[in-house]
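Visitor: with the sequence up front, the predicted model follows.
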Amino acid sequence: MAAAMDPGEEHTRFIEWAQSHGVDINGIAPAKFKDRGMGIVAASDIKKGEQIVHVRNTSLITVAQHAIQALKFPTKTSIHARLAAYLALHYADEDCQHQPWREVWPSQDEFIHILPLHWSRKLQDLLPHAATVLLTAQRSNLERDFVNIHAIHPSIPKVLFTYTWLIVNTRTFYWEYPDLPNAHPRLPKKRQQLTADDCYAMCPFMDYFNHSDKGCDPKADAKGYSVTADRAYKAGEEVYVSYGSHSNDFLLVEYGFILDTNGCDSLPLDHLILSQLSSEQAEILREDGFYGSYTLSPTTPTICHRTQAVVRLLTLPSRRYTAFVSGTDEGVGDQGKVNGYVVGLLVKYERQIMEIMEEVEELKAGGEVKTAQKDTLLRRWKQVQSIVKTSIDALSS
Ligand SMILES: C[S@@+](CC[C@H](N)C(=O)[O-])C[C@H]1O[C@@H](n2cnc3c(N)ncnc32)[C@H](O)[C@@H]1O
């Protein structure tokens, strides 16, 4: 994909600001892409192992900062909500120290086009099941955070909070809150109460990198963030980081895009399997720790161990299920029966997929359904269809 090396004045201003705020940039530059906003390209040839950017910890936005601590959020307020509220409270402040950085963030309008949270109900209802589950959780986290923030900062409008909450959602990095030299003295104590969901920091320039399943791995330590080239790059090539091992349903809901090839993609099977269970079977699986989270990995279609267990409970005498989950029998002799059962589920699902794709295709683009949204949804269904087809073939042979 061709990229414009000179993406515009606001980006030039931001780079100058970043360099004077503890961001060391080496051999890379921001560039504008047709289909994914900004990204990072190699400005010159880069060798594998070269450090291409370092961002000093004092340039991050974290809840350890005095300006955020001073807002005195109740303890139950999530880190996500605190960061979003801080950004919202300073949104209209043109003298804000982060102004040049904010100018290069996506607009509310861009989010409306790409993020399923903003899609019309018609389109949301046609998302794959796994994406619907993620979207429901996202909506409820946003609602919870808004209610908590509204109670103490009623002046923040919901539309603005939603925007800054999504900025935080799409542009933060995992940050373990090491005991920063400049951190608030109370932070080390609080750190023990933080869960992985709380460990967010906003990091200037790092948030230009787009995601790939095989990209550079950003590293954080007490001094800040850095990215090292995972391989050699030729000048002009896009340099990606990996946001984590995420399926396309996750990327779609949380970030508003899907990858054409994604080694971390998966097909969740819960919606096909859980409805087949009697209440006794569900109880047995809960007791054995095998209830739910059934997936099929598409690369070499593999039924995960949990699915192997549940299908054995559904199709075999109970002693054979028990032998499998206790590990006394690897269950090789029953594999054909297990595969056959999964194929039966997938064949039914394949028919549903075709019907859903027809519904998506029939939606008129324009008005509340945008062409790009419809195209993304159709592309995702085609991927799901292809995973299902490949799996049926592989498991039937
Ligand atoms: C951390 S930002 C990366 C910079 C962003 N592209 C920008 O214009 O500022 C994350 C957002 O970039 C976009 N993005 C990241 N990786 C992408 C990819 N591989 N393909 C398409 N869009 C991507 C998504 O919109 C995502 O929400």
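Guide: Looks like it arrived, so ask away. These figures come from a predicted structure and were not determined experimentally.
Visitor: low-scoring pLDDT stretches of this structure, where are they?
Guide: Across the chain, the ranges flagged by pLDDT under 70 are 1-6, 176-199, 301.
Visitor: get me the contact residues on it for the ligand.
Guide: For the chain, the residues in contact with the ligand (CB under 6 Å from any ligand atom) are 36-39, 106, 114, 170-171, 207-212, 255-257, 259. The way it works is simple: take the backbone N, C-alpha and C, and place the C-beta from them, glycine included.
Visitor: can you rerun that using 5 Å?
Guide: The chain comes close to the ligand at residues 36, 37, 38, 170, 171, 207, 210, 211, 255, 256, 257, as judged by CB under 5 Å from any ligand atom.
Visitor: helices or strands next to the helix or strand containing the third one in the packing?
Guide: Assigned by DSSP states H and E, residue 38 belongs to strand 37-42. Strand 37-42 is packed against strand 28-33, strand 238-239, with contacts defined by 3 or more CB pairs under 8 Å, 6 or more residues apart in numbering; DSSP states H and E.
Visitor: and among those strands, the most buried is which?
Guide: The highest mean neighbour count among the helices and strands packed on strand 37-42, using mean count of other CB atoms under 10 Å, belongs to strand 238-239: a mean of 22.
Visitor: quick one: the one helix or strand residue 336 maps to to chain centroid distance?
Guide: Assigned by DSSP H and E, residue 336 belongs to helix 335-362. Centre-to-centre, helix 335-362 and its host chain are 26 Å apart (CA atoms, centre = their mean, to the nearest Å).
Visitor: would you indicate which residues of it are buried?
Guide: Using 16 or more other CB atoms under 10 Å as the test for burial, helix 335-362 gives 338, 339, 341, 342, 343, 345, 346, 349, 353, 356, 357, 360.
Visitor: please report how far the first one lies from residue 41.
Guide: Counting by CB to CB, to the nearest Å, the gap between residue 338 and residue 41 amounts to 47 Å.
Visitor: re earlier: pull out the buried residues from the residues of the chain next to the ligand.
Guide: Those of the residues of the chain next to the ligand that meet the buried threshold are 36, 37, 38, 170, 171, 207, 210, 211, 255, 256, 257, by 16+ other CB under 10 Å.
Visitor: where does the stretch 101-250 of the chain get nearest to the ligand, which residue?
Guide: Closest contact between the stretch 101-250 of the chain and the ligand, by CB to the nearest ligand atom, is at residue 210 (3.2 Å).
Visitor: for that residue, which non-adjacent residue is spatially closest?
Guide: Excluding the flanking residues, the one nearest residue 210 by CB to CB, 6 or more residues apart in numbering is residue 39, at 4.3 Å.
Visitor: got it, and residue 372?
Guide: In space, residue 372 is closest to residue 113, 5.6 Å off (CB to CB, 6+ apart).
Visitor: show me what contacts residue 354?
Guide: Applying CB atoms under 8 Å, 6 or more residues apart in numbering to residue 354 gives the contacts residue 385.
Visitor: gap between it and residue 23?
Guide: According to CB to CB, residue 354 and residue 23 sit 49 Å apart.
Visitor: again, but for residue 323
Guide: Distance, residue 323 to residue 23, by CB to CB: 58 Å.
Visitor: follow-up on the earlier one: in its sheet, what does the following helix or strand past the strand holding residue 38 sit against?
Guide: Per DSSP H and E, the first helix or strand lying C-terminal to strand 37-42 is strand 51-56. Strand 51-56 pairs in its sheet with strand 23-25 (antiparallel), strand 224-228 (antiparallel), by DSSP bridges.
Visitor: tell me the angle strand 51-56 makes with strand 28-33.
Guide: 100 degrees (axes from the mean of the first three to the mean of the last three CA atoms, to 10 degrees).
Visitor: please point out which parts of strand 51-56 sit buried.
Guide: Along strand 51-56, these residues count as buried under the neighbour rule (16+ other CB under 10 Å): 52, 53, 54, 55.
Visitor: quick one: the helices in the stretch 101-250 of the chain?
Guide: Secondary structure of the stretch 101-250 of the chain (DSSP state H, counting those that start in this stretch): helices at 108-114, 121-124, 129-152, 158-171, 187-191, 248-255.
Visitor: tell me what the shortest one is packed against?
Guide: Looking back up the chat, that one is helix 121-124. Looks like helix 121-124 contacts helix 371-396 (3+ CB pairs under 8 Å, 6+ apart).
Visitor: what lies in contact with the one helix or strand residue 18 maps to?
Guide: Here residue 18, judged by DSSP H and E, is contained in helix 9-19. With contact meaning CB under 8 Å, 6+ apart, helix 9-19 is reached by 6, 25, 29, 30, 38, 59, 100, 101, 103, 104, 204, 205.
Visitor: of these, which is the most crowded?
Guide: Per-residue neighbour counts (other CB atoms under 10 Å) across these peak at residue 205, which has 27 neighbours.
Visitor: surely that residue is in contact with residue 52?
Guide: No - look at residue 205 against residue 52 with CB atoms under 8 Å: they stay out of range, at 10.5 Å.
Visitor: between these two, what contacts are shared?
Guide: Both residue 205 and residue 52 are contacted by residue 25, under the criterion CB under 8 Å, 6+ apart.
Visitor: and stretch 200-216, end to end?
Guide: 19 Å (CA to CA, to the nearest Å).
Visitor: what distance separates it from the centre of its chain?
Guide: Worked out by CA atoms, centre = their mean, stretch 200-216 lies 12 Å from the chain centre.
Visitor: again, but for stretch 362-371
Guide: That offset, for stretch 362-371, works out to 25 Å (CA atoms, centre = their mean).
Visitor: same check, this time on stretch 27-41
Guide: 19 Å.
Visitor: that stretch: end-to-end distance?
Guide: One end of stretch 27-41 sits 9 Å from the other (CA to CA).
Visitor: re earlier: most tightly packed of the strands paired with strand 51-56?
Guide: Most buried among the strands paired with strand 51-56, counting by mean count of other CB under 10 Å: strand 224-228, with a mean of 21.
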